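S.K.: Show me how the following folds:
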Amino acid sequence: MNDLTKYTPTELLKLINDTKANHDQLKQEIIDHTFEIDEIERLINNKINQLDKIEKNYVALIEEMNNR
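M.R.: Residues are numbered from 1 along each chain as shown. Below you'll find the predicted structure:
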């Protein structure tokens, strides 16, 4: 951290505002990434469900073939 005693009150206020803006921007980016992760997780779960159905169908087909 810089030596804050050398800044004027106006400069300190600008630094405060810039820091707050940077903080808010990073926080929003994290929130946005969290929503992206949730959407990807939903897509993966849907594909896992599809894969499960395909695997069950495959097993049933193999069993039927073996019974004939």
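S.K.: Would you map the helices across this structure?
M.R.: In the chain, the helices defined using DSSP state H lie at 9-67.
S.K.: So the residue most central in space within the chain versus residue 31, what's the distance?
M.R.: Centroid check for the chain by C-alpha atoms, centre = their mean gives residue 37 as the closest residue, at 2.8 Å. Residue 37 is 11 Å from residue 31, where distance means C-beta to C-beta, to the nearest Å. For every residue, glycine as well, the C-beta is placed using N, CA and C.
S.K.: Residue 9 is in contact with residue 15, correct?
M.R.: No - counting by C-beta atoms under 8 Å, residue 15 stays clear of residue 9, with 10.7 Å between them.
S.K.: Just want to know which of the two has more residues nearby.
M.R.: The neighbour count for residue 15 versus residue 9, taken as other C-beta atoms under 10 Å, is higher for residue 15 (13 against 7).
S.K.: Any figure for the gap between that one and residue 28?
M.R.: For residue 15, the distance to residue 28 (C-beta to C-beta) stands at 21 Å.
S.K.: got it, and residue 60?
M.R.: Residue 60 sits 49 Å away from residue 28, going by C-beta to C-beta.
S.K.: so where's this protein shaky on pLDDT?
M.R.: For the chain, the stretches with pLDDT under 70 are 1.
S.K.: ok, now how distant is residue 8 from residue 15?
M.R.: Residue 8 sits 11 Å away from residue 15, going by C-beta to C-beta.
S.K.: cool, residue 43 as well?
M.R.: Residue 43 is 42 Å from residue 15, by C-beta to C-beta.
S.K.: next one: residue 57
M.R.: According to C-beta to C-beta, residue 57 and residue 15 sit 63 Å apart.
S.K.: cool, and residue 51?
M.R.: Separation of residue 51 from residue 15 (C-beta to C-beta): 53 Å.
S.K.: And residue 65, by the same measure?
M.R.: In this view, residue 65 and residue 15 are 74 Å apart by C-beta to C-beta.
S.K.: repeat for residue 4
M.R.: From residue 4 to residue 15 the distance is 8 Å (C-beta to C-beta).
S.K.: again, but for residue 39
M.R.: 37 Å.
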